[in-house]
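Student: the sequence isn't on hand, but the structure is:
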C-alpha cells in the first residue's frame, strides 16, 4: 500500500501539482474574494491533469500487472487525492489567516475565511470526492464526465452556501458578522466538515472498489 | 513441472469470444503463441494475468490457481508488451526505483548484470529507447525479481531483423537453465521456427492446435495437384488455392493417403496460418 502511494507520488503526479496549492492558496490574499474558488482549482486543474496523465501513460495496465491487490490500487489513488486536498486546504488556511490579519476591518460579501468556512470547504470537497471517485472507477480511465459531474456538485454546493450567506441573516451573522469570532461554533463546523469529508470519501472508496473489481483492463 | 496451465477459458465479448482455450507450458521451454491479428492472443494473455475476468475456465501457474493466489503469483511472472509503453517520459532509473519496491525477491546485482548485458543506460528516458531496447528493459526488470514465467505479447513486432534475431538469442539463453519458461505471442512465425519448443495456434478465439513444434508441423501436409484432381480431395482439405498451374492445399497428415496424383511438402508455420485463415474466410 505504501509502495503504491509512493508510486503515485514519484511516477504518477508531476511535482507541479504539489507546488500548485502554494500558488492557488495565495489567492486567499485577495481581500473579500470568493474563497470557495481557491480549493475548486484543485477540482478543475489538478484532478483532470493527473488523471489525464494516468490515461496517457497506461497507468491502469502498469499498476494492474504489479503484484498488488485491486483494493490497494483504489485505496492508494483515494489517499493521493485526500493528501493533495489536505495540502490545498492547509496552505489556503495559512494564507487565510494572513489575509484576516492583513484586512481586519473588511466587510465581507462572500464568506470570511473562518474555521467554519474551512468546514464548509471540506464538505464541498467531500461531495467532489463522492462523485469523482465513484464515477471514475466505472472504467478506471475515463475522467472527463466524472470531473464534470463532481465539479458541478462542488460548485452548486459552494454557490448555495454563498447564497445562503447573503440571503439568510443567521448565516450572514455566523460567517461574516458578530458570530464570525465565535470559536466554539466555528471549530464545531470545521469538525463536522472533517467528519463529513471522511465519511463521504470512505463511501466513495467502497463504491469505487466494488466497481473496479468489474473493470477489464 | 507444468509452469502454465490454461484450462477451458471462455470469455464472450459483443463481437468476439474465446472458446475453450486450453494449453500447457512445461517449465524450461519456450512456447510460441501464434495467430493472426485479432485471433485472441492478447485477450488470452490478459486473461492469464487476470486483467480481464473470464466467464469460465482456470489458470494455474506453478500448480497454483491464479484466481486464488494472484498477488503471490505475480511476484514470479514477468511481462513485456511489445506495443504498450508505460511512463515513457520517466527515466529508467526512476521507473526501476518504483518498480522494485513491489517485489520481495528483487536482486540489485542481477539488475545491474542485465542492464550491462543489454547495454541499457539508466539515465535514458523510456521514450528514448528503441522498441527492442524497451523489450530488453522489461526482461531486465522481470529477471531481476526472479520471474520464472515470462509472458511476452508480441515482443518482436516492429523490430528490424537483426534486433529480432538478437532478442531470440536472449530468449534461448534464458531458458537454457531449465527454470524459466516463456510464453511468447507473435504473428511473425519465422521467429518461432528459430526459437520455440512448443507452438499453440489460436484462430478466431479457438485453439486449433497446441503441440511440440516438430509434431505441430508434422500434423499437416501441403499438397499440390492438377485442378482436375481437386474434386477427389477437396472435402479433406483445410483450404486450398487454385492457380493456373493447379491447386495447392493444406491437409491434416492423418487425412492424406499418398497418391501419385499429388506432390506433398511439409508446410511452415506461416503456411499453416494462412490456410487456416482462408478456411475461416470461406465459411464467412
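Tutor: Good, I have the coordinates. Since we're looking at a predicted model, the values are computed, not measured.
Student: just after the lengthiest helix in chain A, pick out the following helix or strand.
Tutor: Using DSSP state H to define each element, chain A has its longest helix at helix A:70-102. Proceeding N to C from helix A:70-102, the next assigned helix or strand is helix A:115-136, under DSSP states H and E.
Student: can you report phi and psi for residue B:222?
Tutor: Residue B:222 adopts backbone torsions of phi -100, psi 120, taken as degrees, to the nearest 10.
Student: can you pull the contacts of the residue lying closest to residue A:103 once chain neighbours are set aside?
Tutor: Spatial nearest neighbour of residue A:103, chain neighbours left out: residue A:31 (4.8 Å); criterion: CB to CB, 6 or more residues apart in numbering or on different chains. C-beta here means a position set from N, CA and C on the backbone, and glycine is covered the same way. Going by CB atoms under 8 Å, 6 or more residues apart in numbering or on different chains, residue A:31 touches A:99, A:102-103, A:106.
Student: any of the residues you listed buried? List them.
Tutor: Buried subset of the contacts of residue A:31 (neighbour count, 16 or more other CB atoms under 10 Å in any protein chain shown): residue A:99.
Student: mind putting the contacts of residue A:31 in TSV, pLDDT and distance to residue A:112 included?
Tutor: Shown next, in TSV, are those (pLDDT from 0 to 100; distance: CB to CB, whole Å):
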residue	pLDDT	distance to residue A:112
A:99	94	9
A:102	93	13
A:103	90	10
A:106	86	8
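Student: so which of the contacts of residue A:31 comes closest to chain B?
Tutor: The shortest approach to chain B among those belongs to residue A:99, at 37.5 Å (CB to the nearest CB).
Student: so that closest one touches residue A:29, yeah?
Tutor: Yes: if you go by CB atoms under 8 Å, residue A:99 and residue A:29 touch, sitting 5.3 Å apart.
Student: and chain A, which residues reach chain B?
Tutor: Applying CB under 8 Å from any CB of the partner chain, one finds that chain A approaches chain B through A:3, A:6-7, A:10-11, A:57-59, A:61-62, A:64-69, A:214, A:216-217.
Student: buried subset of those residues as a ChimeraX selection?
Tutor: Here is the ChimeraX command that selects only those of those that count as buried (16+ other CB under 10 Å):
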select /A:3,7,10,11,57,58,59,61,62,64,65,66,67,68,217
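Student: where does chain B have low pLDDT?
Tutor: Applying pLDDT under 70 to chain B flags the ranges B:83, B:280-284.
Student: which residue ranges form the helices in it?
Tutor: With DSSP H as the definition, chain B shows helices at residue ranges B:41-48, B:70-74, B:92-99, B:108-117, B:131-144, B:161-175, B:189-195, B:213-218, B:230-233, B:269-283.
Student: output those in TSV; the columns should cover mean neighbour count.
Tutor: Rendered in TSV, the data for the helices of chain B read as follows (neighbours: other CB atoms under 10 Å in any protein chain shown):
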stretch	mean neighbour count
helix B:41-48	22
helix B:70-74	19
helix B:92-99	19
helix B:108-117	14
helix B:131-144	22
helix B:161-175	16
helix B:189-195	18
helix B:213-218	16
helix B:230-233	14
helix B:269-283	17
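Student: residue B:239 is nearest to which of the ones you listed?
Tutor: For the helices of chain B, distance to residue B:239 was read as CB to CB. The smallest value, 3.9 Å, belongs to helix B:269-283.
Student: packing partners for that closest one?
Tutor: Helix B:269-283 sits against strand B:30-34, helix B:189-195, strand B:198-203, helix B:213-218, strand B:237-243, strand B:246-252, with contacts defined as 3 or more CB pairs under 8 Å, 6 or more residues apart in numbering or on different chains; DSSP states H and E.
Student: for the first one, the distance to its chain's centre please.
Tutor: Strand B:30-34 sits 4 Å away from the centroid of its parent chain (CA atoms, centre = their mean, to the nearest Å).
Student: lowest-confidence helix or strand of chain A?
Tutor: Taking all helices and strands of chain A together, the one with the lowest average confidence (mean pLDDT, DSSP states H and E) is helix A:169-176, at a mean of 88.
Student: list the contacts of residue B:46.
Tutor: A:216-217, B:52.
Student: hmm, try it at 10 Å
Tutor: A:61, A:64, A:216-217, B:11, B:52-54, B:81, B:151, B:153 (CB atoms under 10 Å, 6 or more residues apart in numbering or on different chains).
Student: which members of those residues are positioned in strands?
Tutor: B:11, B:81, B:151, B:153 (DSSP state E).
Student: how many other residues sit next to the closest residue to chain A within the stretch 101-250 of chain B?
Tutor: Relative to chain A, the nearest point of the stretch 101-250 of chain B is residue B:101 (4.1 Å; CB to the nearest CB). Burial of residue B:101, expressed as a neighbour count using other CB atoms under 10 Å in any protein chain shown, amounts to 15.
Student: just checking, it touches residue A:1?
Tutor: No: taking contacts as CB atoms under 10 Å, residue B:101 lies outside contact range of residue A:1: 11.3 Å.
Student: okay, domains of chain B per the record?
Tutor: Split into domains by automatic domain parsing, chain B comes to B:2-216, B:219-283.
Student: end to end on the first one, go ahead and measure it.
Tutor: Distance between the two ends of domain B:2-216: 19 Å, counting by CA to CA, to the nearest Å.
Student: re earlier: show me which pair in the ones in strands among the contacts of residue B:46 is furthest apart.
Tutor: Largest pairwise distance in the ones in strands among the contacts of residue B:46, by CB to CB, is 18.9 Å, between B:11 and B:81.
Student: skipping adjacent residues, who's closest to the residue most central in space within chain A in space?
Tutor: Nearest residue to the geometric centre of chain A (CA atoms, centre = their mean): residue A:125, 3.8 Å. Nearest in space to residue A:125, with sequence neighbours left out and distances taken as CB to CB, 6+ apart, is residue A:85 at 5.2 Å.
Student: same deal with residue B:140?
Tutor: Beyond its immediate neighbours in the sequence, the residue positioned closest to residue B:140 (CB to CB, 6+ apart) is residue B:114, lying 3.8 Å away.
Student: how close does the one you found get to residue B:122?
Tutor: Separation of residue B:114 from residue B:122 (CB to CB, to the nearest Å): 12 Å.
Student: just residue B:212 next, same as before
Tutor: Here the distance between residue B:212 and residue B:122 works out to 40 Å (CB to CB).
Student: go on, residue B:232?
Tutor: According to CB to CB, residue B:232 and residue B:122 sit 65 Å apart.
Student: relative orientation of the longest helix of chain A and helix A:115-136 in degrees?
Tutor: Helix A:70-102 and helix A:115-136 meet at an angle of 150 degrees, taking axes from the mean of the first three to the mean of the last three CA atoms, to 10 degrees as the criterion.
Student: by contact count, what packs against helix A:70-102?
Tutor: Secondary-structure packing of helix A:70-102 (3 or more CB pairs under 10 Å, 6 or more residues apart in numbering or on different chains; DSSP states H and E): helix A:2-7, helix A:16-25, helix A:37-41, helix A:47-56, helix A:59-65, helix A:115-136, helix A:183-212, helix B:70-74.
Student: which residues of the stretch 1-150 of chain B lie near chain A?
Tutor: On the criterion CB under 10 Å from any CB of the partner chain, chain A has as its neighbours in the stretch 1-150 of chain B the residues B:11, B:13, B:43, B:46-47, B:49-53, B:70-79, B:81, B:84-90, B:94-95, B:97-104, B:126, B:145.
Student: now with 8 Å, please.
Tutor: Counting by CB under 8 Å from any CB, the residues of the stretch 1-150 of chain B close to chain A are B:46, B:49, B:51-53, B:70-72, B:74-75, B:79, B:81, B:84-90, B:94-95, B:97-99, B:101-103.
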